[in-house]
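A.B. asks: pasting the sequence and the predicted model now:
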Amino acid sequence: MTRAPTSVRTVPPALEGRALVQAFGAQTVLRGVSVAVQPGEVVAVTGPSGSGKSTLLHLLGGLDTPQSGEVHWAGERVDSLGTQLRAQRRAAQLGLVFQHHYLLEDLTVLDNVLIPTRLSGRGDGVRARDLLARVGLSGREDAYPGVLSGGERQRVAVARALAAHPAVVLADEPTGSLDRANAQAVAQLLVNLAREEGAGVLLVTHDDRLTRYADRTLHLLDGQFTDEAPDFA
Ligand SMILES: Nc1ncnc2c1ncn2[C@@H]1O[C@H](COP(=O)(O)OP(=O)(O)OP(=O)(O)O)[C@@H](O)[C@H]1O
Ligand SMILES: [Mg+2]
């Protein structure tokens, strides 16, 4: 028996989904989808409405478990972990940004950014302030989300997603509720910050203008990734 040559041990992907299958009742939404995001890599996912982009993100984020297939974060299989352990791993490994910012309205901007690190007992005000400065929100630390514009709120959500030094940021239409100029600005900030931090990004977007910020783009169609770039608009 020949053995594979000993190769240099490589860093595991920041995020990996292997042969993910998910169905809701009789409807099979994902038919064996595999994807890997390397540390520092930005991957965009596009596809028509209803093609399963959010379903895939929920599986990769461990918010739901696949019917079959595996999810790994930074080399560790997590879909088979219990809910509590998986939540701990999620807090340490993942940043999440959704279309809606999900900021807590009765916490200040700074306290919102501190949430992920406080959960893991590593609250770091210096880092939170630094991230807020890097998304252009210096001086707004003590403001409440209610007085911020939509773009500003989403920039807080971006800072919050990176607060705990995640291996990867999962973003589901993070700019979907913003106008065009703000959408581009927020997407660019997210990608630049993640690159500076060495975090991977998986960015779900309908917006072709945002895929230019990605290293590569995957198209979801009929429950699988396709090489073609169909016209979804
Ligand atoms: N919890 C659920 N129960 C039943 N059906 C679901 C559930 N979540 C998603 N679906 C169905 O799975 C399909 C894919 O939904 P999903 O939200 O993943 O699509 P999407 O690509 O994110 O669409 P959009 O671009 O509109 O956000 C849809 O037909 C949806 O109705
Ligand atoms: Mg969706």
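C.D. replies: Everything's here; your move. Ligands and ions are numbered 1, 2, ... in the order given.
A.B. asks: need the three-state assignment for the residue of the chain found nearest ligand 2.
C.D. replies: Relative to ligand 2, the nearest point of the chain is Ser54 (3.2 Å; CB to the ion). Every residue, glycine included, has its C-beta placed from N, CA and C. Under DSSP: H, G, I helix; E, B strand; the rest coil, the three-state class of Ser54 is helix.
A.B. asks: make 32 the first number, not 1, from now on.
C.D. replies: Sure, I'll start counting at 32 from here, so that last one is Ser85.
A.B. asks: give the contact list for it.
C.D. replies: Contact partners of Ser85, counting by CB atoms under 8 Å, 6 or more residues apart in numbering, are 203, 235.
A.B. asks: any idea which helix is longest in the chain?
C.D. replies: The longest helix of the chain (DSSP state H) is helix 211-228.
A.B. asks: can you map out the helices along this structure?
C.D. replies: Using DSSP H, helices in the chain cover 84-91, 114-124, 140-150, 156-165, 181-193, 211-228, 239-242.
A.B. asks: want to throw those helices into JSON lines with mean pLDDT?
C.D. replies: Below are those laid out as JSON lines (pLDDT from 0 to 100):
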{"stretch": "helix 84-91", "mean pLDDT": "96"}
{"stretch": "helix 114-124", "mean pLDDT": "92"}
{"stretch": "helix 140-150", "mean pLDDT": "90"}
{"stretch": "helix 156-165", "mean pLDDT": "94"}
{"stretch": "helix 181-193", "mean pLDDT": "94"}
{"stretch": "helix 211-228", "mean pLDDT": "91"}
{"stretch": "helix 239-242", "mean pLDDT": "86"}
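A.B. asks: of those helices, which stretch is the most buried?
C.D. replies: Burial of the helices of the chain is given as mean neighbour count (mean count of other CB atoms under 10 Å); helix 181-193 ranks first at a mean of 24.
A.B. asks: the residue nearest the centre of the chain bridge partners, please.
C.D. replies: For the chain, the residue sitting closest to the mean C-alpha position, by CA atoms, centre = their mean, is Leu201 at 0.7 Å. Here Leu201 sits in beta bridges with Leu127, Leu233, going by DSSP bridges.
A.B. asks: any idea how far it lies from Val235?
C.D. replies: To Val235, Leu201 is 8 Å away according to CB to CB, to the nearest Å.
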